[in-house]
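**Student:** Let's see this in three dimensions:
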Amino acid sequence: MEPNSSSRGRAWIITPALTPDRFATAQNSGAGVALVDIEDSVAMPDKQLARTTAQQFFERPGAPCTLGIRMNSPLTLEGVKDLVAMAVYAAKPDLILVPKTESARDIELVAGVLDTEGYTPDIWALIETPRAFDRLPAILKAPRLGGVVFGSADYAATVRCGLGWDALLYPRSALINAATAAGIPAIDAPVYELDSPDALRREAEKARELGFYGKGAVHPRQAAVINEVFMPSEDEIAHARAIVAAGEKSGNGVTSVDGQMVGTPFFAAARALVAEVDGTP
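**Tutor:** You can find the predicted model right below:
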């Protein structure tokens, strides 16, 4: 399940819970999903303050994007405290991002604590450890899993590799393959270079080509670039409609569109894009 429609951005922005003055900026950045972080950006002595402050992030009825939270791992004491706190939030997150996910049980635990008759948040797994990649097929069988996010920084630190595209091509490819097999979307990791829009654009283009649905942002100004790269252009939409029409005319037989041979897989991809743009199932 995708948390944001085609009319919203493909960027996911994250902002620390202890900087409430930045909440509105993040939510209005154009990102499709805005997350408040109570995990990596918060020092251990400040965790309880972060839980309390994070509530303000969700007290905005009619926010222009999906509002979520990156909690601490549910297998830690801090993560357990997060779940207890979120269960009694007056305004609750639309989406929960579960870090260090290494089993389907992690997702089931979060759902088991938070799900109620009137509240079933979208739960996504942050895949960021070698063990998680070894267990991807099992993790992605979790019934309540909405999608996956690649955590490049933690993965690279554990493997002791660089953050460059080539160094992380294998985990990205593995994640896309597993997510596609499970029928769920995948979001790529952020680019941490804040002053290099060209580097961001290059990596976003590669991520989209690989099959990612969107990409993380660590600064509001990154959102526009990510949205521009990942949102289908008018030319792409027009080309997809032409392929759909050609498929209907040929009875789904092999034909050509603008000098390109197209067949069954091209028809399926084009129909999926048109359905997303038109907001049809």
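**Student:** use CA for all of it now, contacts and neighbours both
**Tutor:** Fine.
**Student:** Show the pLDDT at the closest residue to G211 other than its chain neighbours.
**Tutor:** Of all residues not flanking G211 in the chain, I176 sits nearest, at 6.3 Å (Cα to Cα, 6 or more residues apart in numbering). Turning to I176, the model gives it a pLDDT of 98.
**Student:** Roughly how far does I176 sit from I127?
**Tutor:** 11 Å (Cα to Cα, to the nearest Å).
**Student:** Tell me where the stretch 1-150 of the chain has strands.
**Tutor:** Along the stretch 1-150 of the chain, counting by DSSP state E, counting those that start in this stretch, strands occupy 11-16, 33-37, 66-70, 95-98, 122-127, 145-150.
**Student:** among these, which is nearest V277?
**Tutor:** Among the strands of the stretch 1-150 of the chain, strand 11-16 comes nearest to V277, with 16.9 Å by Cα to Cα.
**Student:** Can you tell me which helices and strands the closest one packs against?
**Tutor:** helix 23-27, strand 33-37, strand 214-217, helix 220-230 (3 or more Cα pairs under 8 Å, 6 or more residues apart in numbering; DSSP states H and E).
**Student:** who does the third one pair up with?
**Tutor:** Within its sheet, strand 214-217 is paired with strand 11-16 (parallel), strand 186-188 (parallel), according to DSSP bridges.
**Student:** The second one now?
**Tutor:** Here strand 33-37 has these sheet partners by DSSP bridges: strand 11-16 (parallel), strand 66-70 (parallel).
**Student:** any residues touching that strand, and which ones?
**Tutor:** 3-4, 9-17, 23, 26-27, 54, 57, 65-71 (Cα atoms under 8 Å, 6 or more residues apart in numbering).
**Student:** Quick check: mean pLDDT of that strand?
**Tutor:** Mean predicted lDDT for strand 33-37 stands at 98.
**Student:** Just confirm P16 contacts V42, I think it does.
**Tutor:** Yes: in terms of Cα atoms under 8 Å, P16 counts as a neighbour of V42; the distance is 7.2 Å.
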